[in-house]
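Student: whatever this is, show me its structure:
(3 chains)
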Amino acid sequence: MIKTKIDVCSLLKKIRKEKPIVHHLTNWVTIYDCANIVKAVGASPVMAHAKEEVAEMANIASSLVLNIGTLTPEFVEAMKIAARSANKKGIPVILDVCGAGATRLRDEKSFELLNEVKIDIIKGNASEIVRLSGENIRTKGVDSAEVEQDILAVSGWLANRFKAVIVATGKHDIVRGKDKSYIIKNGHPMMTHVVGTGCMAASVIGAFAAVSKDLIYAASSALVCFEVAAELAAKKSKGPASFKEELFDRIFNLDERTINKMQKIYL
Amino acid sequence: MIKTKIDVCSLLKKIRKEKPIVHHLTNWVTIYDCANIVKAVGASPVMAHAKEEVAEMANIASSLVLNIGTLTPEFVEAMKIAARSANKKGIPVILDVCGAGATRLRDEKSFELLNEVKIDIIKGNASEIVRLSGENIRTKGVDSAEVEQDILAVSGWLANRFKAVIVATGKHDIVRGKDKSYIIKNGHPMMTHVVGTGCMAASVIGAFAAVSKDLIYAASSALVCFEVAAELAAKKSKGPASFKEELFDRIFNLDERTINKMQKIYL
Amino acid sequence: MIKTKIDVCSLLKKIRKEKPIVHHLTNWVTIYDCANIVKAVGASPVMAHAKEEVAEMANIASSLVLNIGTLTPEFVEAMKIAARSANKKGIPVILDVCGAGATRLRDEKSFELLNEVKIDIIKGNASEIVRLSGENIRTKGVDSAEVEQDILAVSGWLANRFKAVIVATGKHDIVRGKDKSYIIKNGHPMMTHVVGTGCMAASVIGAFAAVSKDLIYAASSALVCFEVAAELAAKKSKGPASFKEELFDRIFNLDERTINKMQKIYL
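Tutor: Alright, predicted model coming up:
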């Protein structure tokens, strides 16, 4: 691995200036946090799931984030309608395969989404991503199980299979496209003690993908921002709740010097 | 505009003493914050949306807050049942037209509610309120777009059209009845960086409307309280999350002297 | 009443080590807090409500928490499917009868659940628990009404009637089994100013019940932990929001010495 640098800040500035709309169909547990982190980063979140309006809402948005954390079959149908509208408009669609591997429904619906609409970025923790490759891994609810597979190789295979950027989060995050990949080593263990950090990461990726055609660069920049903020937050907090409060405050106030100094990104 | 004063505190004291039930059918993003701000102000929130129980729940409540932020057609039908029960009992119904103008569904359902049940207070940001007047304004998701119309005039027209008090929030808030109006100049820009301040404002209005027949006075008092708390919170916070925490703590602890000193209300 | 001591910490350590999955079908208001408190205590929360997956999800879990706070008939059907799966696997099922007594729907569905599946722990505030005994008490929305009945006697009757452990929360909490009961006098009045402390208590009970066959002991240990954390939090906070943040941080950091020193438990 070779340490490199990416220009995270020009995208962050673009988000803060353009305030792109990030349309979500997400889960009911972390829906507030997903909206609020998108707002804190400078974009404009909108959550709408009625099948009667999702196509129209996706059409006024600059990116679409789907998350199957509390899926139902009807909800996934609304996701497909929104995604088709997003595909038509040409805006990126991010899918968080939250809990893939935990139940048959989650597996089936993940593949339905991947096969029936165009997903531009697939995001999950290591065990969820490995599950998508067809491995018979049992994920532990929505928390990541330990996986032995080589995530980098699996992500490469999936990137090819689904013509998508693969984001596999964990101690180190992998952002893998067809012919390029980054490894991000920012972040903090306290993130695993707060519900929703994974969902929020997907939403931040949604905000960055809204302002750049280069989705590998966008997803990597998003993770750097989110995880640098998490590192700063961890220094000032004494438990999961104060950590989370600091996380929002820090990402809101993130400046170029700090990001450039703290980013740990590898080719 | 002439600066004036209103007796916000006698209503606040009444809420804290009587703990009126404020029944909500609201959106899934800010539902917790709506409940919690009502609690912090001293009232008793209840969230219930099953069509089988909403009439009964509204009947034990002292006000009803409706918010179309994550509407579906079925959800709006439950709103109507609850509102009819509230109308029958004679308790005030507050409608937050969250996202009106963003999609056809939101426009249609807003008008359905306004035409089929009695709404006592209509609340929105400037662009949502202008949209209700029939202007072909495209709102930017759930965030306010810039509008050129004279909000005060539009609110007056709507107040007459729907026999309701109109609350148009923004840098300055307008509370407009048939033959009286207030302008409230409290608040802080940090409110625009937190998801749900608009929804919470509607819920606080619900708490105040539960203890006063004079809905212009109730809505204005609610906004003064909420926004004075926001000003206090902004002084002590360093980002959107610490701001929000302070906002709840401040409204919980708000006292008469502070409110009277800080209120900026105009005729 | 005789003051006694229980070994809360060995269960807490077991949770932190084994990270049991606590499956929830809960309400939409406090769903995030329920998930996050389970995480803060060291377990792994999963929220899933689709009838197509709840049986499978309950089957990978170590306990199941049901909460009727924002029930619909369909949602209760999914609860039954999950509970049957939990009953079959032999994991404990906790039912929070949130708002029982407020509407006929809540009463009916509470009894349906109690009669059609095996509930191992029934949890409510005093007025909700009294309501289950058939008393014609009107609860005040989801907040506890004052009740004159002898809660200890009513709980004993219910424990026998439903072959379950009864948890009646209030200024003092009662944990009552067939032939044993504890009274817990920890806690702080600030808990009544925050939405969701009751729901969170049920979720913490779910985490403890996941690691012990002795459900009276598990429920009592859970309440001691949660309420000792609340007492610590109240000392450091200046309103409901800072209290809540502290509550999460404190339960996350709770140590043996503090718990043993502060627990107030009576036979």
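
Student: what residue ranges in chain A score low on pLDDT?
Tutor: Residue ranges of chain A with pLDDT under 70: A:136-149.

Student: what's near enough to touch the residue in chain A that chain C sits nearest to?
Tutor: Here the residue of chain A nearest chain C is residue A:239; by Cβ to the nearest Cβ that distance is 2.7 Å. Where C-beta positions appear, they are placed from N, C-alpha and C, glycine not excepted. When contacts are counted by Cβ atoms under 8 Å, 6 or more residues apart in numbering or on different chains, residue A:239 is found next to C:40, C:248-250, C:252-253.

Student: which of those residues lies closest to residue B:57?
Tutor: The closest of the contacts of residue A:239 to residue B:57 turns out to be residue C:248 (Cβ to Cβ; 29.9 Å).

Student: tell me which element the closest one is part of?
Tutor: helix C:240-253 (DSSP states H and E).

Student: how about that helix: buried residues?
Tutor: C:240-252 (16 or more other Cβ atoms under 10 Å in any protein chain shown).

Student: kindly reformat those as TSV containing distance to residue B:7.
Tutor: As requested, those are exported to TSV (distance: Cβ to Cβ, whole Å):
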residue	distance to residue B:7
C:240	25
C:241	27
C:242	29
C:243	30
C:244	31
C:245	33
C:246	35
C:247	35
C:248	38
C:249	39
C:250	40
C:251	42
C:252	44
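
Student: tell me the one of those residues nearest chain A?
Tutor: Each of these was scored against chain A by Cβ to the nearest Cβ, and residue C:249 proved nearest at 2.7 Å.

Student: so which bits of the stretch 101-250 of chain A are right by chain B?
Tutor: By Cβ under 8 Å from any Cβ of the partner chain, the residues of the stretch 101-250 of chain A that approach chain B are A:244-250.

Student: show me which of the residues you listed is closest to residue A:191.
Tutor: Nearest to residue A:191 among those, with distances taken as Cβ to Cβ, is residue A:247, at 8.4 Å.

Student: and the closest residue to residue A:227 other than its chain neighbours, how far from chain B?
Tutor: In this structure, residue A:227 finds its nearest non-sequential neighbour in residue A:186, 3.5 Å apart by Cβ to Cβ, 6 or more residues apart in numbering or on different chains. As judged by Cβ to the nearest Cβ, to the nearest Å, residue A:186 and chain B stand 19 Å apart.

Student: residues near residue A:186, how many?
Tutor: Per other Cβ atoms under 10 Å in any protein chain shown, the neighbour tally for residue A:186 reads 20.

Student: show me what contacts it?
Tutor: Neighbour list for residue A:186: A:223-224, A:227-228, A:230-231, A:262-265 [criterion: Cβ under 8 Å, 6+ apart].

Student: what does the stretch 151-267 of chain A have sitting close to chain C?
Tutor: The stretch 151-267 of chain A comes close to chain C at residues A:193-196, A:237-242, A:245, as judged by Cβ under 8 Å from any Cβ.

Student: among these, which two are most distant?
Tutor: A:196 and A:238 (19.4 Å).

Student: more neighbours: which of these two?
Tutor: residue A:196 (25 against 12).

Student: excluding sequence neighbours, find me the nearest residue to that one.
Tutor: Here the residue nearest residue A:196, using Cβ to Cβ, 6+ apart, is residue A:30, at 3.5 Å.

Student: looking at the residues of the stretch 151-267 of chain A next to chain C, which is nearest chain B?
Tutor: Ranked by distance to chain B (Cβ to the nearest Cβ), these are led by residue A:245 at 4.3 Å.

Student: now do the contacts for that closest one.
Tutor: Contacts of residue A:245 by Cβ under 8 Å, 6+ apart are A:237, B:241-242, B:245, C:245.

Student: next, format those as JSON lines and append distance to residue B:214.
Tutor: Formatted as JSON lines, those follow (distance: Cβ to Cβ, whole Å):
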{"residue": "A:237", "distance to residue B:214": "45"}
{"residue": "B:241", "distance to residue B:214": "36"}
{"residue": "B:242", "distance to residue B:214": "36"}
{"residue": "B:245", "distance to residue B:214": "32"}
{"residue": "C:245", "distance to residue B:214": "37"}
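
Student: of those residues, closest to residue A:56?
Tutor: The shortest approach to residue A:56 among these belongs to residue B:241, at 31.5 Å (Cβ to Cβ).

Student: residue contacts, the nearest residue to that closest one once chain neighbours are set aside?
Tutor: Leaving aside its sequence neighbours, residue B:241 sits nearest to residue A:248 (Cβ to Cβ, 6+ apart; 3.5 Å). Contact partners of residue A:248, counting by Cβ under 8 Å, 6+ apart, are A:36-37, A:40, B:239-241.

Student: sorry, back to before: so which of the contacts of residue A:186 belong to strands?
Tutor: Counting by DSSP state E, the contacts of residue A:186 place residue A:265 in strands.

Student: tell me the buried residues within the contacts of residue A:186.
Tutor: The buried subset of those - by 16+ other Cβ under 10 Å - is A:223-224, A:227-228, A:230-231, A:263-265.

Student: among those residues, which are in helices?
Tutor: A:223-224, A:227-228, A:230-231 (DSSP state H).

Student: and the helices in the stretch 1-150 of chain A?
Tutor: According to DSSP state H, counting those that start in this stretch, the stretch 1-150 of chain A carries its helices in the segments A:8-18, A:31-41, A:54-60, A:73-89, A:104-116, A:126-132.

Student: want to throw those helices into CSV with mean neighbour count and distance to residue B:3?
Tutor: Compiled in CSV, the helices of the stretch 1-150 of chain A are given as follows (neighbours: other Cβ atoms under 10 Å in any protein chain shown; distance: least, Cβ to Cβ, whole Å):
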stretch, mean neighbour count, distance to residue B:3
helix A:8-18, 18, 36
helix A:31-41, 27, 33
helix A:54-60, 21, 40
helix A:73-89, 19, 48
helix A:104-116, 18, 57
helix A:126-132, 27, 58
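
Student: look up the closest residue to residue A:40, ignoring the ones flanking it.
Tutor: What sits nearest to residue A:40 in space, not counting adjacent residues and going by Cβ to Cβ, 6+ apart, is residue A:252, at 4.5 Å.
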